[in-house]
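Enquirer: I'd like to go over a predicted model; first the sequence, then the structure.
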Amino acid sequence: MGVTKYVSEIQHVNHNIEIIYNYLSNFENLSKYLTDDILATLSEKVPQIKIENFESDSDSCRFTVGSFGNAEIRIVEREPYKTIKVESGGGLPIDLTFWIQLLPVEAYLTKMRLTLQTEMGMMVKMMVGNKLEQGINQLAETLARLPYK
C-alpha cells in the first residue's frame with residue numbers, strides 16, 4: 001500500500017474565520033446538507049461509491065458505502081481557527097486523513113485549503129484516484145459556498 005496526498009486549490013471564503021471554523025468543526029452541521037437527494041446525486045457521479053444511511057454527531061459521521069459496508073469519519077484534532085483534522089474508520093477500503101486548513105486574510109475573508117492523505121492499494125488507487133483528485137477540489141468549492149451562520 002502506498003500513501004497518496006491530494007491538495008485542493010485555495011478557496012476564498014467571504015466569512016469570518018471564527019464562524020467558519022466553528023461551523024466546520026461540528027459535524028452535526030453537515031446533516032443539513034447531506035440529504036438523501038444529494039447523496040443520490042453523488043452516487044450517480046461515482047457509482048462505485050454509493051453512500052447511504054448518513055448520520056452525524058458533533059465529532060463524527062457514520063454511513064454505509066455500497067458493498068464496503070459501514071464507515072465512519074471522526075474529527076481527531078481541532079486547532080481553533082486554524083485546522084480541523086479528520087480520520088476514517090469502519091469498512092472503507094482506504095485509510096484516510098483529511099485536514100481543513102484556514103487562514104485569515106481580512107476580517108471577513110478567509111483562505112481555505114483541504115488536504116487528503118490516503119493509504120490504499122494500487123487497485124483501489126486505479127479505481128478512485130482521479131475521482132479523489134477531482135473530489136477534493138469540488139469539496140473545497142462546496143465548503144467555500146456554504147451559508148455560514
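Expert: Nice, thanks for sending it over.
Enquirer: next, residue 62: phi, psi?
Expert: The phi and psi torsions at residue 62 (degrees, to the nearest 10) take the values phi -120, psi 140.
Enquirer: residue 14 and residue 64: what is the separation?
Expert: From residue 14 over to residue 64 the distance is 35 Å, taken as CB to CB, to the nearest Å. Where C-beta positions appear, they are placed from N, C-alpha and C, glycine not excepted.
Enquirer: who has more neighbours out of these two?
Expert: Comparing residue 14 with residue 64 by other CB atoms under 10 Å, the one with more neighbours is residue 64, at 16 against 12.
Enquirer: ok but the more buried one is inside a strand, no?
Expert: Yes - secondary structure of residue 64 (DSSP: H, G, I helix; E, B strand; the rest coil): part of a strand.
Enquirer: contacts only, for it.
Expert: Going by CB atoms under 8 Å, 6 or more residues apart in numbering, residue 64 touches 51-53, 70-71.
Enquirer: name the member of the residues you listed with the most neighbours.
Expert: residue 71 (19 neighbours).
Enquirer: contact partners for the closest residue to residue 30 other than its chain neighbours?
Expert: Spatial nearest neighbour of residue 30, chain neighbours left out: residue 56 (5.5 Å); criterion: CB to CB, 6 or more residues apart in numbering. Residue 56 makes contact with 27-28, 30-31, 62, according to CB under 8 Å, 6+ apart.
Enquirer: most neighbours of all those residues, which one?
Expert: Comparing those by number of neighbours (other CB under 10 Å), residue 27 comes first, having 21 neighbours.
Enquirer: skipping adjacent residues, who's closest to that residue in space?
Expert: Nearest to residue 27 is residue 56, by CB to CB, 6+ apart, at 4.4 Å.
Enquirer: just grab the bridge partners of the one you found for me.
Expert: Beta-bridge pairing of residue 56 under DSSP bridges involves residue 61.
Enquirer: least confident secondary structure element in the protein?
Expert: Every helix and strand in the chain was compared by mean pLDDT, DSSP states H and E; the lowest is helix 36-45, with a mean of 63.
Enquirer: could you list the low-pLDDT ranges of the chain?
Expert: 1, 33-49, 67, 91-93, 129 (pLDDT under 70).
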